[in-house]
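>>> below are the sequence and a predicted model; questions follow.
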Amino acid sequence: MAFWNRKRKQRELEKKLAEEKIDRLQQEIDKNMEKEVEELFREVESSKKKGKEKEERRRRKKAKKAEEVSYETETVLPKGKEDQKRYVTECCENIRDAENQVAVIRREYEEVTESLLDIQKIDRIEGEDRRDLKNIAQGILRLTEERNKYKNRELTIPVSVIRRFDPFEDELVSEIKKMYEGENYQKLLDRDLELLHQEKKLLRVEQSEIVDKQRALKGLARMLCVVILGLMGALLVLYLLMETDLRLPYMATISLAAVSAGVIFFESEKNRKGMSLATRKLDKTISLLNRVKIKCVNNLNLLEYNKQKFGVKDAAQFEELWKEYCKAKEYEKRFRENTERLNMYSIELRDMLKSHALSDPEIWVTQVAALADNREMVEIRHTLNQRRQLLRERIEYNENVKRKLLADIDGLMKKNPENRDELLEIVQRFS
């Protein structure tokens, strides 16, 4: 009987162990299923995000192309010497403006390139240094998260915006002011552009009206010739038939012809002078229009670059985010219980990055999330590449403007060799 009891207990124990094993397997299966579902959701979200980014890039490209067509400069062909000298002077001023733009953009381009080179140097860190770097970065992130918990509050500004603003904390006020000034300046440029377009349209209409007047004069002259010849022929026939004295009618006809010719000549000369004046005004208007268009493109490119740089839509949103950013920074100052440890980690991070010859190790203290998470580093690299692409496009635009203006000056000198020395002297004055 005892044997059977032991047997029964053994079977119950085996059954219990089997049930526990089944439960563990079921839990593992459920856990794996949850992971698969989470991964699937992440893939779907990533796919949606990529689709939105692609659509946004396509929209920006289309808008940029429309802007380029709108601000495309026009060619001017001045006739007189003074107009040619004025045109060459304006071209030289535009070239100088383009060169200044390129110099400023190249400095910014070098800074962005150095940041990208620093990322490459970080990617090449391996072995024990890599592990230490990641541990330090994770330590800084952990301490930062603890500090945020101590504050016991909800952030009124996204963490991503704080990370984007942190490297430029001391420049934000001046950058907001610059963006407001740029937007106001763009409104003035657009207003000038509209006025110049209207002026050009009116001058085109004026030229067309002068051409119509000239055609009408030609028609009137032909009609008067026919009438006068007809009168003289009729008088000749009357003289031959009636043999009467027709000197007075002949003199009247000749006087009518002389007066008509004088009036037609006076009006024709007036139209010629009017056409010449309208042409000079049109050339000057087109030159001003080209200058305003170049300024518009440079100002719009600068605004677009700064908006992308700070992740804002306009100056008003920039200012609003800056106010929230200031509040976040003010709260941050009140709670620094773990400042010493955080400073220690930061010093270690800077020293390690300096040992790997980074050009600006300090900036990575505010971008430490990228050192701990490769996805953050990819995002920073993507942003820097976008900024560098925008800078390249701005450089290319100004270089093209410079080349076109130089070609216009060269072409003008070739077509007008008699004015070459004076035009060349103007160019050398700006060299």
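Cool, the structure landed.
>>> from here on, contacts and neighbour counts on C-alpha atoms
Will do.
>>> element containing the residue nearest the centre of the chain, please.
Centroid-nearest residue in the chain: Asn301, 2.4 Å away (criterion: Cα atoms, centre = their mean). Asn301 is part of helix 247-310 when elements are defined by DSSP states H and E.
>>> quick one: average confidence on that helix?
Averaging the model's pLDDT scores along helix 247-310 yields 85.
>>> contacts only, for Glu108.
By Cα atoms under 8 Å, 6 or more residues apart in numbering, the contact list for Glu108 reads Leu391.
>>> and it, what pLDDT?
Predicted confidence (pLDDT) for Glu108: 92.
>>> show the subsequent helix or strand relative to the helix or strand that contains it.
Following DSSP H and E, one finds Glu108 within helix 81-123. Moving toward the C-terminus from helix 81-123, the next helix or strand (DSSP H and E) is helix 127-151.
>>> gap between stretch 173-192 and the chain center?
Its chain's C-alpha centre lies 14 Å from the corresponding centre of stretch 173-192 when counted by Cα atoms, centre = their mean, to the nearest Å.
>>> right, and Gln84 touches Pro78 too?
Yes: between Gln84 and Pro78 there is a contact at 5.4 Å, judged by Cα atoms under 8 Å.
>>> okay, the angle between the helix holding Glu108 and helix 127-151?
With axes from the mean of the first three to the mean of the last three Cα atoms, to 10 degrees applied, the angle from helix 81-123 to helix 127-151 works out at 100 degrees.
>>> what is the mean pLDDT for the biggest helix by length in the chain?
As assigned by DSSP state H, the longest helix anywhere in the chain is helix 172-242. Across helix 172-242, the average pLDDT comes to 85.
>>> against which helices or strands is it packed?
helix 247-310, helix 315-334 (3 or more Cα pairs under 8 Å, 6 or more residues apart in numbering; DSSP states H and E).
>>> reformat those helices as CSV; add distance to Asn385.
Below are the helices and strands packed on helix 172-242 laid out as CSV (distance: least, Cα to Cα, whole Å):
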stretch, distance to Asn385
helix 247-310, 11
helix 315-334, 22
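>>> which of those helices sits closest to Ile162?
Among the helices and strands packed on helix 172-242, the nearest to Ile162 by Cα to Cα is helix 315-334 (6.6 Å).
>>> just the buried residues of stretch 118-137, please?
For stretch 118-137, the neighbour count (16 or more other Cα atoms under 10 Å) marks Asp118, Ile119, Ile122, Leu133, Lys134, Asn135, Ile136, Ala137 as buried.
>>> biggest separation within the residues you listed, which pair?
By the measure Cα to Cα, Asp118 and Asn135 form the most distant pair in the buried residues of stretch 118-137, at 19.1 Å.
>>> just the pLDDT at Gly127, thanks.
87.
>>> no no, Ile29
The model's pLDDT for Ile29 equals 50.
>>> again with Asp97
Confidence for Asp97, expressed as pLDDT, is 92.
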